[in-house]
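# When you get a sec, could you give me coordinates for this:
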Amino acid sequence: MTSIFDKRNFLIYPQAIFYIIAGFSHWIMPEFYLPLIPDLLPEKEIGNALAGMLEVALGVGLLSLHYRKRAATGIILLLLFFVPIHIHFIVNGSCTNSLCVPEWIGWARLVSVHPLLVWWAWEARHLSDEQ
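Numbering: from 1, shown residues only. Have a look, this model is predicted:
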């Protein structure tokens, strides 16, 4: 039996919930995400829906011991894929129809929060239910 303060509870369950909610938000609020997608990417609606699907699937995958390592690796790859999209948003004014942030906040988020999300997923790769 594990304690509520067990490392696994912090690294797996909140992260899984985070990605599942983030994934559903792509479908519930596409108007927030679509302006963030660079014009050079075709079929923004499909890309947004796929990003949401991947986030939900990867979040659910974290909950399974069998798929956890693959799901965490997928999250890391997805986060790396999103880096150029975040940079595009920042260097093109940090403002869309639905979101405006100062450029420095965009950079601060990218260089601080993004690596923490990668670390969070990396650590989840190494956890099993037996720990």
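# Okay, now the unreliable bits of the chain?
Low-confidence segments of the chain (pLDDT under 70): 1-6, 97-98, 128-131.
# Remind me what the lengthiest helix in it packs against, helices and strands.
When the chain is parsed with DSSP state H, its longest helix is helix 68-91. Of the remaining helices and strands, those touching helix 68-91 by 3 or more C-beta pairs under 8 Å, 6 or more residues apart in numbering; DSSP states H and E are helix 44-62, helix 103-108, helix 114-124. For every residue, glycine as well, the C-beta is placed using N, CA and C.
# surely residue 49 meets residue 27?
Yes - counting by C-beta atoms under 8 Å, residue 49 touches residue 27, with 6.6 Å between them.
# and stretch 109-126, which residues are buried?
Going by neighbour count (16 or more other C-beta atoms under 10 Å), the buried part of stretch 109-126 is 110, 117-118, 120-121, 123-125.
# possible to save the residues you listed as CSV with distance to residue 45?
Shown next, in CSV, are the buried residues of stretch 109-126 (distance: C-beta to C-beta, whole Å):
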residue, distance to residue 45
110, 25
117, 25
118, 27
120, 29
121, 27
123, 34
124, 30
125, 32
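# just the residues you listed now: which is nearest residue 58?
residue 121 (8.7 Å; C-beta to C-beta).
# so what's the residue nearest to the closest one when sequence neighbours are not counted up against?
For residue 121, ignoring the flanking residues on the chain, the nearest one in space by C-beta to C-beta, 6 or more residues apart in numbering is residue 75 at 4.1 Å. By C-beta atoms under 8 Å, 6 or more residues apart in numbering, the contact list for residue 75 reads 15, 19, 58, 62, 117, 121, 124.
# Identify the farthest-apart pair in those residues.
62 and 117 (12.8 Å).
# thinking again about what came up before, can you tell me how far the residue nearest to residue 121 sits from residue 93?
Using C-beta to C-beta, to the nearest Å, residue 75 is found at 28 Å from residue 93.
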